[in-house]
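J.: Next come a sequence and a model predicted from it.
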Amino acid sequence: MAMTMAEKIIARAAGKTEVHAGDIETVTLDYMMSNDGTTHLTIGMYENLKHPRIADKNKLVWIVDHNVPADSVKTAASHKKMRDFARANGIAFYEGKGVCHQIMLEKYVSPGQFIFGADSHTCAYGALGAFGTGVGCTDYLYAMVTGQSWVLVPKTLRFELRGSLPQGVYARDLILTIIGKIGANGANYKAMEFGGEGLASLSIADRIALCNLCVEAGAKTGLCEVDAKTLDYLKAHGREPVAVLNPDKDADYEEVFEIDLSEIRPIVAKPHFVDNVVPAEECSGIRIDEAFLGSCNNGRIEDLRVGAELLRGRKVADSVRFLVVPASRAVYEEALREGLLKIFMDAGAIVMNPNCSVCWGSCQGVIGEGETLISTGTRNFKGRSGHKDSFVYLASAATVTASAVKGEICTAESLTK
Ligand SMILES: CC(C)[C@H](C(=O)O)[C@@H](O)C(=O)O
Ligand code: SF4
């Protein structure tokens, strides 16, 4: 029987020729990523096990990215716990090198893999045709000890993309449009699969932004079909695909959405929910105190190029703190080489070290009572980026940068008019 991408990848991980939505399978993990959000808790549980053991240390990747460099004595202690454990057990360990998902995509993820991350946005790995999904630290611990876990094979929503995005419209606008359409629970425990001729027009950076936010519609994972762009990206990063597992033509989808990319427009998600989306123009004139360009969703070199291009010959408004945070050290170095960081600094932005920054909202750049942030981060929940009585709007790199210049929410198009 025909299979979706999710079914094919799970079948491979389960060592079977066929699985289908609704089956429960035991799977072998290809990688298990964990960050400083919860790893200290995992270690605590591990140390209480009667027979602690690690199934395969080479499959573990631990990354300190949320609160790095440490912002308190408490954080320093939990980082130390993670660092010491990683060293003692030979676990790949990164600290201050970038946001976990960006590092995974640059260095580890390959099509066909089944990957756990102790972080909800692990679904981003579908940009490269891998099944990535977020788990809590108890499930992580089980996988770390046994090398295996279980998965209920999800149903799939298919997104058939046509055409290409208009100039000045980005993958962030596309995924916010989709989330607005299906709602924050619209894909609960389902796979969101992206294909169709329009996919070819989306870069790998676009596909990462697309898959990364699928969890904000409740999805178990996001998946893009593997094509020449995927293989080029892998090659450029020195990797081969593990298995190209594109869906069968007559696979069984719960629903198929036809999306004409040329109809997508700049979108803003208003406080305090990601599916609270409106055309960006409807937010015009809302005063902002801070703007953030970064995160695992939009902190790649492509996003920094968009921001820097808009800032050429312009200044950040006096009333705005504009935080620019490359998603990884590789992105930072590339931005440095291309002269983008100089453009940001000359315009008055604050360029910071690669980390989750104010997307996470407990490290740096947090906003105060009554303040408003426009952000390329992933979430705008109440208190997400600072005080419980503050406001977070989500938008593309272009809308965020244009708003930083104007001091109020505006589209890049309105700035250049
Ligand atoms: C800290 C981590 C567990 C959390 C997540 O699971 O996503 C964070 O990265 C987030 O974006 O809210
Ligand atoms: S950048 Fe934001 S969404 Fe991504 S891992 Fe960090 S806190 Fe989570």
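T.: Thanks, I have it. Ligands and ions are numbered 1, 2, ... in the order given.

J.: can you list the domains in the protein?
T.: Domain ranges of the chain: 5-262, 267-412, per automatic domain parsing.

J.: What's the end-to-end length of the first one?
T.: It refers to domain 5-262. Start and end residues of domain 5-262 are separated by 26 Å (CA to CA, to the nearest Å).

J.: Would you mind finding the most buried of the domains of the chain?
T.: Using mean count of other CB atoms under 10 Å, the stretch among those with the largest mean neighbour count is domain 267-412, at a mean of 22. Where you see a C-beta, it was placed from the backbone N, CA and C, and this is true even at glycine.

J.: Do me a favour and average the pLDDT over that domain.
T.: Averaging pLDDT along domain 267-412 yields 98.

J.: quick one: the residue of the chain found nearest ligand 1 from ligand 2, how far?
T.: With CB to the nearest ligand atom, the shortest gap between the chain and ligand 1 falls at G37, namely 2.4 Å. Separation of G37 from ligand 2 (CB to the nearest ligand atom, to the nearest Å): 8 Å.

J.: State the distance from that residue to E281.
T.: Distance, G37 to E281, using CB to CB, to the nearest Å: 36 Å.

J.: residues from this protein in reach of ligand 2?
T.: Within the chain, the positions near ligand 2 by CB under 6 Å from any ligand atom are H66, V99, C100, D119, H121, S295, C296, C356, C359, W360, G377, T378.

J.: Next, the distance between the ends of stretch 123-138.
T.: 19 Å.

J.: residues in contact with the residue nearest to L394 when sequence neighbours are not counted?
T.: Counting by CB to CB, 6 or more residues apart in numbering, L394 lies nearest to A269, which is 4.0 Å off, once chain neighbours are set aside. If you count contacts by CB atoms under 8 Å, 6 or more residues apart in numbering, A269 has them with L176, I179, G180, D275, N276, V277, N380, Y393, L394, A395.

J.: Also A251?
T.: Contacts of A251 (CB under 8 Å, 6+ apart): A2, M3, T4, E7, T156, R158.

J.: ok so it is a strand residue?
T.: No: looking at A251 with DSSP: H, G, I helix; E, B strand; the rest coil, it is coil, so not inside a strand.

J.: Could you report the pLDDT at it?
T.: Note for A251: predicted pLDDT of 98.

J.: what's it sitting at in phi/psi?
T.: phi -60, psi 160 (degrees, to the nearest 10).

J.: Distance check, it against ligand 2.
T.: Computed as CB to the nearest ligand atom, the A251 to ligand 2 distance reads 30 Å.

J.: Mind checking what secondary structure the residue most central in space within the chain has?
T.: The residue lying closest to the centre of the chain (CA atoms, centre = their mean) is N212, at 3.6 Å. Following three-state DSSP, the label given to N212 is helix.

J.: Next, the residue of the chain most remote from its centre: secondary structure please.
T.: What lies farthest from the middle of the chain is K50; by CA atoms, centre = their mean that is 35.8 Å. State at K50, reduced to three classes by three-state DSSP: coil.

J.: pLDDT score for it?
T.: Per-residue confidence (pLDDT) for K50: 97.

J.: And for T416?
T.: 78.

J.: same question for the longest helix seen in the chain, mean pLDDT?
T.: In the chain, taking DSSP state H as the definition, the longest helix is helix 73-89. For helix 73-89, the mean pLDDT works out to 98.
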